[in-house]
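# got a structure for you, letters missing:
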């Protein structure tokens, strides 16, 4: 992503967006595209990218560089959809070590991105895009078809608000109406509590869209095959898999390979709602620091 270095000692804190990191280059590319959009929204604010694992630059390296450039305040925004081990243990440990190395640099950790209804609305937009580009069906979405980002979700799209069942009618080539169902696909965790929190995402998606929705995990049960069977049992004829992932990668590929007959939406990627959400997390962390210092 384009670097926007601020002047040494600038009052505006540096925003450091921290991605998970992956061996799949699409993941880092998507994170950089997301942060390019974030930087473009506030051109006067310095924005940096870092990764927790497997991808350069590391969190340690970026914080060292920020301190070396003379900045006095950094807000680290975890580009993570849930508050799991990375957000609660790994990242705080790295930031504590950086504070010890750079006592003049104030480092605040913002909240993770989820849960937030703006993520649900972005997910609904990806479902609409997937239906726009799906073959052998006719759609009437109440407007002109939007460009698809189904190959990776890295391109920006216009905010259109939450979907509803009425906005997503699907018909066969013969004109018969096909009920649409959605599988919200997430990573999955060894923690039942973490998986229960992800289940709430699928429930919120169903509530906001009116679509029959099931949840599947890439690394835990239920898998995509079970979620597909559950939707078919509920009378669904057309199924879209909606990856609740910031970026495409090995796990989204695993889900696609397991269910190649289904329509697969893009990962969240760069989206106006995500840009707004990241800046909101930054602002909240900055405001909290000022409140505590008052």
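Okay, I see it. Please read all numbers here as calculations on a predicted model, not as lab measurements.

# and residue 122, what is it in contact with?
By CB atoms under 8 Å, 6 or more residues apart in numbering, residue 122 lies in contact with 268, 271, 273, 274. From N, CA and C alone the C-beta is placed, and that goes for glycine too.

# now the helices for the stretch 51-200 of the chain?
Counting by DSSP state H, counting those that start in this stretch, the segments of the stretch 51-200 of the chain that form helices are 59-68, 85, 91-101, 117-133, 192-209.

# now residue 70: how far from residue 62?
According to CB to CB, to the nearest Å, residue 70 stands 15 Å off from residue 62.

# the more surrounded of these two?
The residue with more neighbours, out of residue 70 and residue 62, is residue 62; 22 against 14, by other CB atoms under 10 Å.

# Leaving out the residues flanking it, which one is nearest to that one?
Once flanking residues are discounted, residue 62 sits nearest to residue 50: 4.1 Å by CB to CB, 6 or more residues apart in numbering.

# Quick one: list the elements packing against the helix or strand harbouring that neighbour.
Per DSSP states H and E, residue 50 falls inside strand 47-51. Under the contact criterion of 3 or more CB pairs under 8 Å, 6 or more residues apart in numbering; DSSP states H and E, strand 47-51 touches strand 14-19, helix 25-41, helix 59-68.

# now for the ones you listed, which one comes closest to residue 230?
In terms of CB to CB, the element of those nearest to residue 230 is helix 25-41, at 29.1 Å.

# So which bits of that closest one are buried?
26-39 (16 or more other CB atoms under 10 Å).

# circling back: please identify the deepest-packed of the helices of the stretch 51-200 of the chain.
Neighbour counts (mean count of other CB atoms under 10 Å) averaged over each of the helices of the stretch 51-200 of the chain peak at helix 117-133, with a mean of 22.

# got the angle for it vs helix 192-209?
Going by axes from the mean of the first three to the mean of the last three CA atoms, to 10 degrees, helix 117-133 is angled at 60 degrees with respect to helix 192-209.

# how far does helix 117-133 sit from the chain's center?
Centroid separation between helix 117-133 and its chain, computed with CA atoms, centre = their mean, to the nearest Å, is 12 Å.

# cool, stretch 98-106 as well?
Per CA atoms, centre = their mean, the centroid offset for stretch 98-106 relative to its chain is 29 Å.

# who are the neighbours of the helix or strand containing residue 225, in terms of helices and strands?
Residue 225 belongs to helix 224-233 when assigned by DSSP H and E. With contacts taken as 3+ CB pairs under 8 Å, 6+ apart, helix 224-233 sits against strand 180-186, strand 212-217, strand 238-243, helix 250-258.

# residues contacting residue 102?
Going by CB under 8 Å, 6+ apart, residue 102 touches 63, 64, 67.

# Find the nearest non-adjacent residue to residue 251, please.
Using CB to CB, 6+ apart, the closest residue to residue 251 is residue 218 (4.1 Å).
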